[in-house]
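1. next comes the sequence, and after it the predicted model I'd like to discuss.
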Amino acid sequence: MEAYCVKCKAKKEIKDPKQVTMKNGKPAVTGTCPTCGTKMFRIGKAN
């Protein structure tokens, strides 16, 4: 799954994606950027 990295300023594939649930109950995916190691976050279910 891809997400936007604010440090690299580009869409990248999420490294080690984990399915999480936000406080409002909606699904999201979190992981790290493969290039710089910054946390990445995307709202929605993992494909």
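-> Thanks, I have the structure now. Numbering: from 1, shown residues only.

2. list the contacts of the spatially most central residue of the chain.
-> In the chain, the residue lying closest to the centroid (C-alpha atoms, centre = their mean) is residue 41, at 3.2 Å. By C-beta atoms under 8 Å, 6 or more residues apart in numbering, the contact set of residue 41 is 3, 28-30. C-beta here means a position set from N, CA and C on the backbone, and glycine is covered the same way.

3. widest-spaced pair of those?
-> 3 and 28 (10.0 Å; C-beta to C-beta).

4. pull up the overlap in contacts between the two.
-> By C-beta under 8 Å, 6+ apart, residue 3 and residue 28 have these common neighbours: 41-42.

5. ok, residue 14 - how many residues close by?
-> Residues contacting residue 14 under the criterion other C-beta atoms under 10 Å number 21.

6. and it, how far is that from residue 29?
-> Taking C-beta to C-beta, to the nearest Å as the measure, residue 14 falls 6 Å from residue 29.

7. overlap in contacts, these two.
-> Common contacts of residue 14 and residue 29, defined by C-beta under 8 Å, 6+ apart, comprise 1, 3, 42.

8. residue 3 and residue 28: which is more packed in?
-> Remark: of residue 3 and residue 28, residue 3 carries more neighbours, 21 against 16, as counted by other C-beta under 10 Å.

9. what residues are up against that one?
-> Counting by C-beta under 8 Å, 6+ apart, residue 3 touches 11-12, 14, 29, 31, 40-42.

10. out of the residues you listed, which comes closest to residue 22?
-> Each of these was checked against residue 22 using C-beta to C-beta; the closest is residue 41, at 9.6 Å.

11. where does the closest one fall, secondary structure wise?
-> With secondary structure defined by DSSP states H and E, residue 41 is part of strand 39-43.

12. that strand: which residues count as buried?
-> Across strand 39-43, burial judged by 16 or more other C-beta atoms under 10 Å covers 40, 42.

13. quick one: strands adjacent to it?
-> Under the criterion DSSP bridges, strand 39-43 sits next to strand 27-32 (antiparallel) in its sheet.

14. next, the buried residues of the strand it pairs with.
-> 28-29, 31-32.

15. same check on stretch 4-23?
-> For stretch 4-23, the neighbour count (16+ other C-beta under 10 Å) marks 5, 12, 14, 17 as buried.
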